[in-house]
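J.: 3D, please:
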Amino acid sequence: MPHLWHWYAFPPTASVDGLGADGHPKLGGFLPPVPLERRMWAGGILEFFQPLKVGEPLERRSSITNVVEKSGASGQMVFVTVQHDIFTDRGLCVREQQDIVYLDIPERFNPPPAKPVPRATDDAVIVIDQTVPTSEPLLFRYSAITFNAHRIHYDLPYAQAVEKYPGLVVHGPLQAQLLMDAASKWAGKAPMLFKFRGVHPMFHQNDLRLVGTQNVSEDTGTRKLTLCTALGDQHQGMQATAEWEED
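T.: Numbers count the residues shown, from 1 in each chain. Prediction:
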């Protein structure tokens, strides 16, 4: 089974009356009741020990490993770290760390500083450069397959009027899946380690550019690819790295 498809195996069990105004399950069950209105999946780290196979039962064991409160330029923030271990009858197959951030909804959209899109240099070559069309149906379908009712992904009036985004927000996990698929196709096999982090929201009005860079001077015993989604040549959306053991 392709890497990251376990994300579609464990839909949340909250009923409609168990959802908050934003469409997320109400807090206070597994996740702590943080008194901040905006919740985002900021990034994650995944280690792959054994492949998952189509048709076999999966078991997920989840725990909260850390809760940290911080104050920054955007106000109060709470970071929650969740660990998911995915098992089959063969043992542990995937270990995943999810980083979730909570913060207040701003009065207007204040984008984070733009991080430049990678370019080829003497030490780095662009090995992946492709464009993925983005649309409302794509975001709706991804919300459906992940059973994600967060309204910023499909309810444009809510996204603009309540959460102050200029458009529908492209899911972080969707961007991660696209980068994972591109990296696996480039290498001819899926990586053993994958890390990703959102650095700028991406919106449905603009296509996603997928960029992969390989450092030609690095020799560490592993093959590594630096990845990102991007808005053309303007800025990065998600940063990621993928690593393979050398054959």
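J.: all strands of the chain, in order?
T.: 38-48, 59-72, 75-88, 91-103, 124-132, 193-198, 208-215, 222-231, 235-245 (DSSP state E).
J.: dump these into JSON lines; add mean pLDDT, distance to F147 and mean neighbour count as well.
T.: All C-beta spots, glycine's among them, are computed from the backbone N, C-alpha and C. Converted to JSON lines, these look like this (pLDDT from 0 to 100; distance: least, Cβ to Cβ, whole Å; neighbours: other Cβ atoms under 10 Å):
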{"stretch": "strand 38-48", "mean pLDDT": "94", "distance to F147": "14", "mean neighbour count": "19"}
{"stretch": "strand 59-72", "mean pLDDT": "93", "distance to F147": "14", "mean neighbour count": "11"}
{"stretch": "strand 75-88", "mean pLDDT": "94", "distance to F147": "16", "mean neighbour count": "16"}
{"stretch": "strand 91-103", "mean pLDDT": "96", "distance to F147": "16", "mean neighbour count": "18"}
{"stretch": "strand 124-132", "mean pLDDT": "95", "distance to F147": "22", "mean neighbour count": "15"}
{"stretch": "strand 193-198", "mean pLDDT": "97", "distance to F147": "21", "mean neighbour count": "21"}
{"stretch": "strand 208-215", "mean pLDDT": "95", "distance to F147": "22", "mean neighbour count": "20"}
{"stretch": "strand 222-231", "mean pLDDT": "93", "distance to F147": "23", "mean neighbour count": "21"}
{"stretch": "strand 235-245", "mean pLDDT": "96", "distance to F147": "22", "mean neighbour count": "20"}
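J.: enumerate every residue touching the spatially closest residue to G91 that is not a sequence neighbour.
T.: Leaving aside its chain neighbours, G91 sits nearest to Q50 (7.0 Å; criterion: Cβ to Cβ, 6 or more residues apart in numbering). Going by Cβ atoms under 8 Å, 6 or more residues apart in numbering, Q50 touches 88, 90-93.
J.: thinking again about what came up before, just tell me which of the strands of the chain ends up closest to G23.
T.: Closest of those to G23 is strand 38-48, at 10.3 Å (criterion: Cβ to Cβ).
J.: residues contacting the closest one, please?
T.: With Cβ under 8 Å, 6+ apart, strand 38-48 has contacts from 3-4, 22, 24, 79, 93-105, 150, 163, 172-173, 176, 190-198.
J.: next up, phi/psi of the residue nearest to G91, please.
T.: Backbone torsions for Q50, taken as degrees, to the nearest 10, come to phi -140, psi 150.
J.: gap between it and D181?
T.: 20 Å (Cβ to Cβ, to the nearest Å).
J.: buried stuff in stretch 143-163?
T.: Using 16 or more other Cβ atoms under 10 Å as the test for burial, stretch 143-163 gives 143, 146, 148-155, 158-159, 162-163.
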